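**Q** Curious how this folds, go ahead:
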Amino acid sequence: MSFKELGLSPEILKAVEECGYSEPTPIQAQAIPVILMGRDVVGLAQTGTGKTAGFTLPMIEILAGGRAKARMPRSLILTPTRELAAQIAENFDMYGKHHKLTKALLVGGVSMEEQVKKLDRGVDVLIATPGRMLDLFERGKILMTDIKILVIDEADRMLDMGFIPDIKKIVSLLSPLRQTLLFSATMSPEIRKLTERFLSNPKEITVARQGTASAGVEQFLVEASPRAKQGVLGQIIEAEDVQNAFIFCNRKRDIDGLTRFLQGKGYAARPLHGDMPQSARSETLERFKAGEATLLVCSDVAARGLDVQGLSHVFNYDVPFNAEDYVHRVGRTGRAGMKGRAWTLATPAEQKYVEAIERLTGKAIERKTGAFSGMKAGASSSSQKEEKPSNIVKYNKKSDNKDTGEKTSKRTKQADRDSRDGPALKGFGDEMPEFFRK
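**A** Numbering: from 1, shown residues only. Now for the predicted structure:
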């Protein structure tokens, strides 16, 4: 099937072709015709399946024939994070380049002034996080009576982040005569209740079995004690051919410490979490996309929706508490027919989460023990230990590390001791393999 068969206008088809796309993904092929018919849609698809274009393309087609009034947006897209909102905005810029539709991005962490100016001029597409959306509404800056299309994206993440009460309030302010599109990677009972409440006779579209991981991703698991984790992670990165990677932590407080450890080892690592100012988050993401940083240490919230092509690795420094989050994390690599590798470090206390993941996916994660003899085909453990990845960008302490000098030196030495000596290694196994020793 081609995009020409989906009922899109020549202007949109031209924009899609200019982006280098010729065939729609399964979610796009199934959702676009239904949305163009005006029906409500529930789309269930994993991250990286092209669902953003699945709703932006038909929205551009539907909105192309009208014009927005001041403070009265014609459509609303609700997203859980600022990064995902920015990605959706980029989609509208790419696919709507031959139309004159206007948009506004309403997210926290930036000044309201420019956002209000755009609303005053009138926007066709409003892309917003729930908190900033309600804030501006309560200030009288938005009128929502003219919204004809509502999109709730990443509904499962909205639920995890506690946004559902805000979404319910926002939906109560909209006209019932609207088209509603809800997209989610999973369909939990709570999400099912939302679809029954917000949507009218929706068409449900599922393109992948819930809880499946991409076939192009090799998955490995290593057992490690909590204090040995940093050292174990460093050894794996050193032995793997890492082009770029996401490193996921469950707790924000661990992100900065792990980033400093990796920087101390000479890697171009950067942190990304919700407590950072928006300007710092944007700068970090741009550096990562440009290849100036190769390791992004992040939380699930910060990384959800990030559009990074060609990610070679994902590292789970912590096993996620929610088994479905594991699928989302692993899905960041091995996209678009490419191969990827995912490594998970698990403490004895985290084994219950590993078991939950394996029940969800229906597949055991391959355990790696000893010197990781299978890490590189045909390579011995000693050669793996000596081989250094030639393509990892090393961290420039002079230009970028603000935490230099004696403080960093002491911290790095302590981290090295923690990952090498004494009690830190107990619990990894009956005997620590030589591979992990300095």
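**Q** Tell me where the stretch 51-200 of the chain has strands.
**A** Secondary structure of the stretch 51-200 of the chain, counting by DSSP state E, counting those that start in this stretch: strands at 75-78, 103-106, 125-128, 149-152, 179-184.
**Q** can I get these in CSV with mean neighbour count?
**A** All C-beta atoms are positioned from the backbone trio N, CA, C, and that covers glycine. As requested, the strands of the stretch 51-200 of the chain are exported to CSV (neighbours: other C-beta atoms under 10 Å):
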stretch, mean neighbour count
strand 75-78, 25
strand 103-106, 24
strand 125-128, 26
strand 149-152, 24
strand 179-184, 24
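**Q** Out of the ones you listed, flag the one nearest Lys51.
**A** With C-beta to C-beta as the criterion, Lys51 lies closest to strand 179-184 of those, at 5.3 Å.
**Q** Mind checking the pLDDT average for that closest one?
**A** Average pLDDT, strand 179-184: 95.
**Q** Which residues does that strand contact?
**A** Here strand 179-184 makes contact (C-beta atoms under 8 Å, 6 or more residues apart in numbering) with 35, 38-45, 51, 54-55, 148-156, 191, 194-195, 198-200, 202.
**Q** As a markdown table, the strands of the stretch 51-200 of the chain with distance to Glu90 would be great.
**A** Below are those laid out as a markdown table (distance: least, C-beta to C-beta, whole Å):
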| stretch | distance to Glu90 |
| --- | --- |
| strand 75-78 | 13 |
| strand 103-106 | 10 |
| strand 125-128 | 10 |
| strand 149-152 | 16 |
| strand 179-184 | 17 |
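**Q** Quick one, which of these gets closest to Val354.
**A** strand 179-184 (24.3 Å).
**Q** Write the PyMOL selection for whichever of the contacts of strand 179-184 are buried.
**A** Only the buried entries of the contacts of strand 179-184 go into this PyMOL selection, using 16 or more other C-beta atoms under 10 Å:
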select buried, resi 35+39+40+41+42+43+44+45+51+54+55+148+149+150+151+152+153+154+155+156+191+194+195+198+199+202
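**Q** Now intersect the contacts of strand 179-184 with the helices, please.
**A** 35, 51, 54-55, 155-156, 191, 194-195, 198 (DSSP state H).
**Q** Which single one of the residues you listed is nearest to Ser9?
**A** Closest to Ser9, out of all of the ones in helices among the contacts of strand 179-184 and judged by C-beta to C-beta, is Ile35, at 14.0 Å.
**Q** Quick check: closest non-adjacent residue to the closest one.
**A** Spatial nearest neighbour of Ile35, chain neighbours left out: Pro58 (3.9 Å); criterion: C-beta to C-beta, 6 or more residues apart in numbering.
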